[in-house]
Each structure stands twice: as structure tokens, then as C-alpha cells.
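# everything below, folded, please.
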Amino acid sequence: PLDKQIKTVEPTRNEVDVQGTIVAMLDADQLIGTGQVVFLDLGKAKGVKVGNRLYVVRRGDAYDDIMGPTTNVGQDDRRFPARALGEVMVVQVGKHASVALVTLAIQEMGPGDLVLMRKSE
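Below is the predicted model of the structure:
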């Protein structure tokens, strides 16, 4: 069950470098944008904490073919540089999974897209 509560989450310093994936969203029939809740395959076991901010990225050819933007979701072609699609902030952390809020969406995202957290200096 999803806990429904209102709380203020302050940004927290990122203490580790980690890569994960958006594994699910609340509304499966839509693309992900600002203000939506997503679920990540990263948790306390990987060093993730409430308030951590992660970039949502894709690596691959940014050209949207005739099939539309959803065909590029989850693209991880390392021949291309990562391009940022947006940012999420972790609002709840479990041992192996987290709940995050999309705080910035430059482009639509979907389950399968990568999330990157870089250690703060």
C-alpha cells in the first residue's frame, strides 16, 4: 500500500555514486512528467537516503523515429553521451526500492529510464 501523507523533504547531500532504473509509476497509461510519483530500484542497501536528488537520463540517439518517444524509453547505448531528461527527489526509502517525486521534467520519461546519483563534493 502507498502511504499518503504530506511532509516537507529537504534536499540531502548525495554520499555515493549509483545508477538505477525507474521501475514503475502510479499511472501506467501515461508518460512521466513533473509532479508525478515514480518508483526506483535503489534503496538503503545502495546508500540512497530521503532527500537525495537523481538525474533521469538516456544514452542513445536522441532522434525520435516514426514510432514516437516511447520507443526510446530505457535507452542505454553507451556509444552516446547521457542526456538529462529531468530530476527526481527521493521521498521514501526502503531496503531495495525508493519512492521519488519528479521535480523537473525536460522531456517525458517512462519506466525503464535510468537514474543517476553522483556523490556531492
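# every contact and neighbour count from this point should use C-alpha atoms.
Will do.
# helix/strand/coil for residue 57?
What DSSP: H, G, I helix; E, B strand; the rest coil gives for residue 57 is strand.
# contacting residues around it?
For residue 57, the contact set (Cα atoms under 8 Å, 6 or more residues apart in numbering) comprises 82, 83, 84, 85, 86, 113, 114, 115, 116.
# try 7 Å this time
Going by Cα atoms under 7 Å, 6 or more residues apart in numbering, residue 57 touches 82, 83, 84, 85, 113, 114, 115.
# relative to residue 26, how far out is it?
Between residue 57 and residue 26 the computed distance is 20 Å (Cα to Cα, to the nearest Å).
# count of neighbours near residue 81?
13 (other Cα atoms under 10 Å).
# is it true that it touches residue 58?
No. Using Cα atoms under 7 Å, residue 81 makes no contact with residue 58, being 8.4 Å away.
# got any residues that touch both of these two?
If you check residue 81 and residue 58 against Cα under 7 Å, 6+ apart, no residue is contacted by both.
# didn't residue 43 look like it was pressed against residue 92?
No. The pair residue 43 / residue 92 is not scored as a contact, 9.1 Å apart, by Cα under 7 Å.
# which elements pack onto the helix or strand where residue 19 lies?
Assigned by DSSP states H and E, residue 19 belongs to strand 18-25. Contacts defined by 3 or more Cα pairs under 7 Å, 6 or more residues apart in numbering; DSSP states H and E place strand 18-25 against strand 37-40, strand 114-117.
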